[in-house]
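1. Could you look at this predicted model? Sequence included:
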Amino acid sequence: MKVLFLYNNFGPKFVREGWGRVFKYCGHEFRFWSPEKEATFEVFDEFEPDLVIATTYDLDRALLKNIVKRPNLKVVLFGSAYGPIINDIDQKKYPIVTAKQQEIETISALFHLVGKPNLIFLHTANKYIDYQLSWWGNMGINIDGILNAADVFVYINGKKRDNLICDIGFVGGYWGYKSRNLDKYLLTLAGKQQYNIKIFGNQKWPIPEYLGYIDDDMVNDLFASAKICPNISEPHSTDLGFDCVERVFKVWSSGGFCISDRVAELQELIPDFPTYGDYKDFETAIDYWLTYPKQKEELRRHIQKIIFDKHTYFDRVAQILQNIDMNQESELVLKKKEEYFENLNCN
């Protein structure tokens with residue numbers, strides 16, 4: 001099978017790369033394409049994909065024509081929010097991407113013409129999917145929540161490195177929307193100057209603990225070297241309860257220990273996940289887990305097993321394939337997951 005991904009920068013890029021590694025391990029071909037850099041018609045004619053994964057908001061005329069001319073092509077789209085959430089959300093406070101009228105009309109026309117897309121998804125648990133996407137579902141389109149997860153080809157067996165050892169390790173960008181919570185927790189903690197904190201990321205942070213860019217292949221080593229790797233969510237996650245970022249999965253799979261602010265979705269997925277509710281809780285949790293390394297290691301092993309059992313990109317790719325009636329391929333992915341971990345344990 002040939003799988004074609006629309007290139008997206010930032011978070012989606014890392015998720016799609018994780019999916020791509022699973023497809024490749026399972027014997028499929030995959031590639032990215034960027035319409036800004038490559039002619040869509042040429043990419044489709046050269047690669048002839050069996051499955052394309054794109055977005056509801058990037059369906060330009062070239063992509064639409066290529067979908068229509070290939071009746072056997074499976075189409076999976078990351079969706080703009082199109083459900084009751086639109087009536088409830090304050091978009092000035094929470095800049096969530098919501099469906100525009102032209103986008104809605106385009107998807108509706110495409111679906112009635114050729115029955116595509118086969119699936120519209122968001123990175124959220126099924127409990128929250130109707131709230132965010134049900135109006136796509138009302139058109140007859142299949143909708144589902146495909147959570148973020150651990151890319152166990154990259155975030156696995158992190159190594160402790162002397163230059164990365166610290167009390168608190170964090171990798172991530174710093175900008176206006178995210179800073180609402182980053183300032184409240186991490187910058188406040190850094191200001192106390194009683195913890196060894198190391199922060200890396202592509203955007204500069206306004207504190208001396210920011211150490212610049214870190215190579216992708218070193219991130220899992222940072223997670224394994226830091227005593228605690230906090231997850232600090234964007235405001236909509238803590239306020240509305242959904243949107244678990246990749247970090248909460250890949251820290252554990254790397255061999256690290258993660259505490260997180262309280263996101264209802266995360267607490268439902270992994271009830272034992274150590275969380276904090278405000279800054280006082282945050283500092284108390286840090287002091288506790290720094291003080292009791294034996295208990296920390298026991299919990300680390302417990303949650304890492306949950307991640308490996310249920311929350312890897314093998315599991316997510318299998319879910320996508322099941323959603324588009326490729327059940328044999330889905331079962332193969334889960335068998336290959338077993339093979340991968342068996343080989344991992346033998347080495």
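-> Noted; the coordinates are in hand.

2. Enumerate the strands of the chain by residue range, in sequence order.
-> Assigned by DSSP state E, the chain shows strands spanning 2-6, 29-33, 51-55, 74-78, 119-122, 143-145, 166-171, 197-200, 226-231, 258-261, 275-276.

3. Each with direction, which strands does the shortest one pair with?
-> Strand pairing for strand 275-276, determined by DSSP bridges: strand 258-261 (parallel).

4. what is the rounded mean pLDDT of the partner strand?
-> Averaged across strand 258-261, the pLDDT comes to 97.

5. do the same with stretch 99-112
-> On average, stretch 99-112 scores 97.

6. ok, and what's touching it?
-> 56-57, 59, 64, 67-68, 77, 79-82, 86, 116-117, 120, 135-136, 139-141 (Cβ atoms under 8 Å, 6 or more residues apart in numbering). No exception for glycine: its C-beta is placed from N, CA and C like everyone else's.

7. Could you export stretch 324-337 as CSV, CA atoms only?
-> Output in CSV follows, covering the C-alpha atoms of stretch 324-337 (Å, rounded to 0.1, in the frame of the first residue of the first chain):
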residue,chain,number,x,y,z
ILE,A,324,-11.7,2.9,6.5
ASP,A,325,-12.6,-0.8,6.3
MET,A,326,-9.1,-2.1,5.9
ASN,A,327,-9.4,-4.7,8.6
GLN,A,328,-6.8,-7.1,7.5
GLU,A,329,-4.2,-4.4,7.2
SER,A,330,-5.3,-3.2,10.7
GLU,A,331,-4.7,-6.6,12.2
LEU,A,332,-1.3,-6.8,10.5
VAL,A,333,-0.3,-3.6,12.1
LEU,A,334,-1.1,-5.0,15.6
LYS,A,335,0.8,-8.2,14.8
LYS,A,336,3.8,-6.2,13.6
LYS,A,337,3.6,-4.2,16.9
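
8. Touching it from outside, list them.
-> 1, 22, 25-26, 51, 74, 76, 118-119, 142, 312, 314-315, 317-319, 321-322.

9. So what's the gap between it and the chain middle?
-> Averaged C-alpha coordinates place stretch 324-337 at 21 Å from its chain's average position (Cα atoms, centre = their mean, to the nearest Å).

10. what mean pLDDT does that stretch have?
-> The model assigns stretch 324-337 a mean pLDDT of 98.

11. which parts of that stretch are buried?
-> By 16 or more other Cβ atoms under 10 Å, the buried positions in stretch 324-337 come out as 324, 326, 329, 330, 332, 333, 334, 336, 337.

12. try stretch 236-243
-> So stretch 236-243, judged by 16+ other Cβ under 10 Å, has buried residues 236, 237, 238, 240, 241, 242, 243.

13. Which residues does it contact?
-> 94, 96, 123-125, 128, 132, 181, 233-234, 244-245, 261-265.

14. Mind checking which of those residues are in helices?
-> Within these, residues falling in helices by DSSP state H are 132, 181, 264, 265.

15. what two of those residues are the furthest from one another?
-> By the measure Cβ to Cβ, 132 and 181 form the most distant pair in the ones in helices among the contacts of stretch 236-243, at 21.0 Å.

16. So for these two, which residue has more residues nearby?
-> Neighbour count, other Cβ atoms under 10 Å: between residue 132 and residue 181, residue 132 has more, with 26 against 16.

17. Look up how far residue 244 lies from that one.
-> Look at residue 132 and residue 244: by Cβ to Cβ, to the nearest Å, they are 14 Å apart.

18. Using PyMOL, define a selection of the buried residues within the contacts of stretch 99-112.
-> Entered in PyMOL, the line below selects the buried ones among these, by 16+ other Cβ under 10 Å:
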select buried, resi 56+57+59+64+67+77+79+80+81+82+86+116+117+120+135+136+141
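
19. which residues sit in contact with the residue nearest in space to the middle of the chain?
-> Centroid-nearest residue in the chain: residue 148, 3.4 Å away (criterion: Cα atoms, centre = their mean). Going by Cβ under 8 Å, 6+ apart, residue 148 touches 15, 123, 244, 245, 246, 248, 249.

20. ok, now with 6 Å
-> 123, 244, 246 (Cβ atoms under 6 Å, 6 or more residues apart in numbering).

21. Name the member of these with the most neighbours.
-> Counting by other Cβ under 10 Å, top hit in the contacts of residue 148: residue 244 with 27 neighbours.

22. before we move on, the earlier item: list only buried entries from the contacts of stretch 324-337.
-> The buried subset of those (16+ other Cβ under 10 Å) comprises 22, 25-26, 51, 74, 76, 118-119, 312, 314-315, 317-319, 321-322.

23. Nearest to residue 291 among those?
-> Taking Cβ to Cβ as the measure, residue 312 is the one of these closest to residue 291, at 31.4 Å.
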